[in-house]
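[1] What follows is a protein structure lacking sequence information:
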């Protein structure tokens, strides 16, 4: 979890004070200026799941799509998924709205809209870039992957071993969903 998103002045101060942060933001800005989507890897402590490593996009807005968050997925697969979704098919837009399964690269996936994206530390970089570019609030979905048996993390049938590698952001949002 994170505190309130930073203001433009706070981001500017961080840019002035931190060369690594400035280098990261410069790289992201160059990626976006080339009309590409940046994919970052972020480790986050989600309710004690210190193993959680997230991939987060910045720039899906260029395709009128929400930013994506994925956890426990190899980066080459993430790149393929992002590329496929950026093609902008109507059925992908419907899928990203949430509530239905889809097979992507042979995996069963569900898109879960992230309510209050500003409350998740994995989206801090998105907020910072959106703020610097004068964009409105971040819209984001988490792509959640079923295990080998087809169960999702909120299901009793989901592998307990796998659950710690794929924490679900905003678990309250899946309370009404069923496999």
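    That came through fine. Note that the coordinates shown come from a computational prediction; the quantities given were computed from them, not determined experimentally. Numbers count the residues shown, from 1 in each chain.
[2] use CA for all of it now, contacts and neighbours both
    Will do.
[3] Give the residue spans of this protein that score low on pLDDT.
    1-3, 45-51, 170-179 (pLDDT under 70).
[4] which residues in it form helices?
    8-17, 19-33, 75-86, 90-96, 124-132, 160-163 (DSSP state H).
[5] List just the one of the ones you listed that sits closest to residue 52.
    For the helices of the chain, the distance to residue 52 is smallest for helix 160-163, at 9.9 Å, taking Cα to Cα.
[6] mind listing what's buried in that closest one?
    If you call a residue buried by 16 or more other Cα atoms under 10 Å, then helix 160-163 has these buried ones: residue 163.
[7] any chance of the helices of the chain in a markdown table, plus distance to residue 113?
    Shown next, in a markdown table, are the helices of the chain (distance: least, Cα to Cα, whole Å):
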| stretch | distance to residue 113 |
| --- | --- |
| helix 8-17 | 26 |
| helix 19-33 | 23 |
| helix 75-86 | 15 |
| helix 90-96 | 8 |
| helix 124-132 | 15 |
| helix 160-163 | 19 |
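[8] Tell me which of those sits most buried.
    Compared across the helices of the chain, helix 124-132 shows the largest average neighbour count, a mean of 20 (mean count of other Cα atoms under 10 Å).
[9] From the contact counts, what lies against that helix?
    Under the contact definition 3 or more Cα pairs under 8 Å, 6 or more residues apart in numbering; DSSP states H and E, helix 124-132 sits against helix 8-17, strand 53-58.
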